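Undergrad: starting from these lines, generate the structure:
(chains A and B)
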Amino acid sequence: MIEFDQVQKSFQVGGRAIPALHPTSMAIEAGEVFGIVGHSGAGKSTLVRLINLLERPTGGRVLIDGEDVTGYDANELRAFRRKVGMIFQHFNLLSSKTVSDNIAFPMRLAGIYSRSEISTRVEELLVRVGLADQARKYPSQLSGGQKQRVGIARALACRPTILLCDEATSALDPQTTQSVLRLLGDINRELGLTIVLITHEMDVVRRVCDRVAVMDAGKVVEIGPVTDVFLHPQHPTTREFVLESEHIDQKELQQDLGRAQGRILRLTFRGEATYKPLLGQVARESGVDFSILSGRIDHIKETPYGQLTLSLVGGDLDLAMQTLEAADVHVEVVR
Amino acid sequence: MEQMLTNVDWTEIGWASWDTLIMVGVSLLFSVLIGLPVGVLLFLTGKRQLLEQPVAYAVLSFVVNILRSVPFIILLIVMIPVTVMIIGTSLGVAGAIPPLVAGGAPFFARLVETSLREVDRGIIEATQAMGASVRQVITGALLPEALPGIIAGITVTAITLVSYAAMSGVVGGGGLGDLAIRFGYQRFQTDVMVITVALLVIFVQLLQMAGDRLVLYFSRR
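TA: All right, here's what the predicted structure looks like:
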């Protein structure tokens, strides 16, 4: 478990302390995929670097499995960092080393593995990330997705318990992003690794994360299970991110709503409710007519969800809302 | 052809070439041995680097700048007492080496510093995140990544040393420069001058070609 206890960070710029992270307390559970979303400069990079102490906090404590890592001496810190893998937006592979040597690099640095242990582990990891036939190549000969796979294999080499992902998919095209995210999901499931992932794309969070923290101007403004944060965003920044990921233009949406008649409701289906043939039943029983103004059916990690904005005209509106709520549909009255 | 080169003593030219080779080779070796660690230190103590040390950087940088700002012909003369102390004489091949190193090492140190700065900061960060010590970051990541740049730096330094070595002929150093001055300049033997210059040109060309090949071999970008 990763705990931040009133942890904060400020940078000295021209004699003045500029806060990058205001005092923050939160916990990341062992084995979960935890997302941190925010615009650039929101402090998410700083927060993630406080976990492996690439950045030193200017106040507060960072506890890993109950132990305060900020008090570690140089040797303890080095040993601890081996247990925390990290991957980067620009991969940060050594261009002078082959794929194999890049993956073996952290093990060689550790100085506690034999030659045969290293080569067995490298073989294993190459297969794990699907690059068994690229072992002798240099990073410049690989595609972006392949480079990130090498990065992942390298991060896993010393069998870490935590994997930090710093905008790991931001430099990749959508298809490659999907396959890298799938790989991260598999790793989380099969190895029980805790993954902390920072990104500016809500879509990435939706696909792989269990919980998410939204950051704005050096503060965590919202935190919770992805299903809750994604479907019922509270903070304006969160709302902005969710709308952005759904490609909804707020202005257009308001125009559409303005033209619609009657009562406007937003329905959120989650899990099994998504598959029920509910709308027709409600319309028949309550006699309301409905039109769909906007809608989306998708998955949050493995949970299916649907979100529909409807305008309802005529019939028994209260009965319609009761029926929907009785069927585990979250009903929000927009107008 | 024979008549045009009446003054040329080929054995003398052969020995002078050999002397130049030795002067450049030995001074290059020491320039690299001294310049590499100094360059690494310059880089590490620099602003926002691993071992940021403004005072150490300022001092080191100042010394390097002083040695680099003195014209080499002046350095040759200024260095004479130091050379006598180290070698016993300021003349000949051996006497030319200390001033050559004094000119070559700081030059190379700056080139090393520059090529280390070219290494992506992300690679340093990634290596640190793996639990590397500062020493491991240098030997495991920085130097291998900067190797093509460092080899290019060695090539440039070697070529600079060729011209410095020729200059040392003025104050009694050996080699082709000495030949050019004593015969070509003082005795007006133009043919000797032409041959020595031609040999120096060929020497520089060969060095550049070899350097470029090595850089290409070690570049994996």
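Undergrad: domains in chain A, by residue range?
TA: Annotated domains of chain A cover A:2-244, A:248-333 [automatic domain parsing].
Undergrad: ok, which of those domains comes nearest residue B:206?
TA: For the domains of chain A, distance to residue B:206 was read as C-beta to C-beta. The smallest value, 26.2 Å, belongs to domain A:2-244. (Each C-beta comes from the backbone N, C-alpha and C, glycine too.)
Undergrad: now do the closest one: distance from first to last residue.
TA: Using C-alpha to C-alpha, to the nearest Å, one end of domain A:2-244 lies 30 Å from the other.
Undergrad: outside of the helix or strand hosting residue A:198, which residues touch it?
TA: Assigned by DSSP states H and E, residue A:198 falls within strand A:194-199. Contact with strand A:194-199 is made by A:1-2, A:28-38, A:44-45, A:47-48, A:51, A:161-170, A:184, A:187-188, A:204-205, A:208-209, as judged by C-beta atoms under 8 Å, 6 or more residues apart in numbering or on different chains.
Undergrad: stretch B:212-219 now?
TA: A:96, B:147-148, B:151-152, B:155.
Undergrad: could you do stretch A:286-298 as well?
TA: The contact list for stretch A:286-298, computed with C-beta under 8 Å, 6+ apart, reads A:206, A:246, A:248, A:253, A:256-257, A:260, A:264, A:274, A:279, A:282-283, A:304-317, A:319-320, A:323.
Undergrad: nearest spatial neighbour of residue A:272, chain-adjacent residues omitted?
TA: In this structure, residue A:272 finds its nearest non-sequential neighbour in residue A:328, 7.8 Å apart by C-beta to C-beta, 6 or more residues apart in numbering or on different chains.
Undergrad: isn't the one you found up against residue A:268?
TA: No: in this structure, residue A:328 is not within contact of residue A:268 by C-beta atoms under 8 Å, at 9.9 Å.
Undergrad: quick one: least confident helix or strand in chain B?
TA: Lowest by mean pLDDT, DSSP states H and E among the helices and strands of chain B is helix B:175-179, with a mean of 85.
Undergrad: which parts of it are buried?
TA: B:175-179 (16 or more other C-beta atoms under 10 Å in any protein chain shown).
Undergrad: and the helices in chain B?
TA: Secondary structure of chain B, counting by DSSP state H: helices at B:10-45, B:54-69, B:72-78, B:80-87, B:92-117, B:121-129, B:134-136, B:143-167, B:175-179, B:190-218.
Undergrad: so which of these is the most packed in?
TA: Greatest average neighbour count among the helices of chain B goes to helix B:175-179 (a mean of 27), per mean count of other C-beta atoms under 10 Å in any protein chain shown.
Undergrad: any weak-confidence spans in chain A?
TA: Residue ranges of chain A with pLDDT under 70: none are present.
Undergrad: quick one: list the elements packing against the least confident helix or strand of chain B.
TA: Helices and strands touching helix B:175-179, by 3 or more C-beta pairs under 8 Å, 6 or more residues apart in numbering or on different chains; DSSP states H and E, are helix B:10-45, helix B:143-167, helix B:190-218.
Undergrad: now it, how far from the centre of its chain.
TA: Mean-position distance between helix B:175-179 and its chain equals 18 Å (C-alpha atoms, centre = their mean, to the nearest Å).
Undergrad: then stretch B:184-195?
TA: Centre-to-centre, stretch B:184-195 and its host chain are 27 Å apart (C-alpha atoms, centre = their mean).
Undergrad: now do stretch B:46-57
TA: With C-alpha atoms, centre = their mean, you get 25 Å for stretch B:46-57.
Undergrad: over to stretch B:207-220?
TA: 17 Å.
Undergrad: average pLDDT for that stretch?
TA: Mean pLDDT, stretch B:207-220: 92.
Undergrad: put the alpha carbons of that stretch into PDB.
TA: Taking Å, rounded to 0.1, in the frame of the first residue of the first chain, the C-alpha atoms of stretch B:207-220 are listed here in PDB:
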ATOM      1  CA  LEU B 207      42.400  11.000 -38.400                       C
ATOM      2  CA  GLN B 208      39.100  12.500 -39.500                       C
ATOM      3  CA  MET B 209      38.200   9.500 -41.600                       C
ATOM      4  CA  ALA B 210      39.000   7.000 -38.800                       C
ATOM      5  CA  GLY B 211      37.100   9.100 -36.300                       C
ATOM      6  CA  ASP B 212      34.000   9.400 -38.500                       C
ATOM      7  CA  ARG B 213      34.000   5.600 -39.000                       C
ATOM      8  CA  LEU B 214      34.100   5.000 -35.300                       C
ATOM      9  CA  VAL B 215      31.400   7.500 -34.600                       C
ATOM     10  CA  LEU B 216      29.200   5.800 -37.200                       C
ATOM     11  CA  TYR B 217      29.900   2.400 -35.700                       C
ATOM     12  CA  PHE B 218      28.900   3.400 -32.200                       C
ATOM     13  CA  SER B 219      25.900   5.400 -33.200                       C
ATOM     14  CA  ARG B 220      22.700   3.400 -32.600                       C
END
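Undergrad: max-length helix in chain A?
TA: helix A:174-191.
Undergrad: who touches it?
TA: A:31, A:33, A:129, A:143-145, A:148-149, A:152, A:156, A:163, A:165, A:168-169, A:172, A:193, A:195, A:197, A:204, A:207-208, A:301.
Undergrad: tell me what angle it forms with strand A:194-199.
TA: Helix A:174-191 and strand A:194-199 are oriented at 160 degrees to each other (axes from the mean of the first three to the mean of the last three C-alpha atoms, to 10 degrees).
Undergrad: mind listing what's buried in helix A:174-191?
TA: A:176-178, A:180-181, A:183-185, A:187-188, A:191.
Undergrad: then stretch A:141-159?
TA: Along stretch A:141-159, these residues count as buried under the neighbour rule (16+ other C-beta under 10 Å): A:142, A:144-158.
Undergrad: where does the residue nearest to residue A:212 when sequence neighbours are not counted land in three-state SS?
TA: Sequence neighbours aside, residue A:35 is the residue nearest to residue A:212 in space, at 4.1 Å (criterion: C-beta to C-beta, 6+ apart). Look at residue A:35: counting by DSSP: H, G, I helix; E, B strand; the rest coil, its state is strand.
Undergrad: so what's residue A:35 bridging to?
TA: When assigned by DSSP bridges, residue A:35 has beta-bridge partners residue A:197, residue A:212.
Undergrad: count of neighbours near it?
TA: A count of nearby residues for residue A:35, using other C-beta atoms under 10 Å in any protein chain shown, gives 27.
Undergrad: try residue A:137
TA: Other residues lying near residue A:137 total 16 when counted by other C-beta under 10 Å.
Undergrad: contacting residues around it?
TA: A:98-99.
Undergrad: got the phi and psi for it?
TA: Backbone torsions for residue A:137, taken as degrees, to the nearest 10, come to phi -80, psi 160.
Undergrad: report the separation between it and residue B:217.
TA: Note on residue A:137: its distance to residue B:217, by C-beta to C-beta, to the nearest Å, is 17 Å.
Undergrad: quick revisit: I figured the residue nearest to residue A:212 was touching residue A:207, is that so?
TA: No: look at residue A:35 against residue A:207 with C-beta under 8 Å: they stay out of range, at 9.8 Å.
Undergrad: hang on, residue A:48 in a strand?
TA: No: under three-state DSSP, residue A:48 sits outside any strand and is assigned helix.
Undergrad: any idea how far chain B is from it?
TA: According to C-beta to the nearest C-beta, to the nearest Å, residue A:48 stands 11 Å off from chain B.
Undergrad: what's around residue A:243, how many residues?
TA: So residue A:243, with other C-beta under 10 Å, has 15 neighbours.
Undergrad: helix, strand, or coil at it?
TA: Residue A:243 - assigned by three-state DSSP - is helix.
Undergrad: how about the residues of chain B by chain A?
TA: Applying C-beta under 8 Å from any C-beta of the partner chain, we find that chain B lies next to chain A at B:120, B:122-123, B:125-133, B:136, B:140-141, B:144-145, B:147, B:218, B:220-221.
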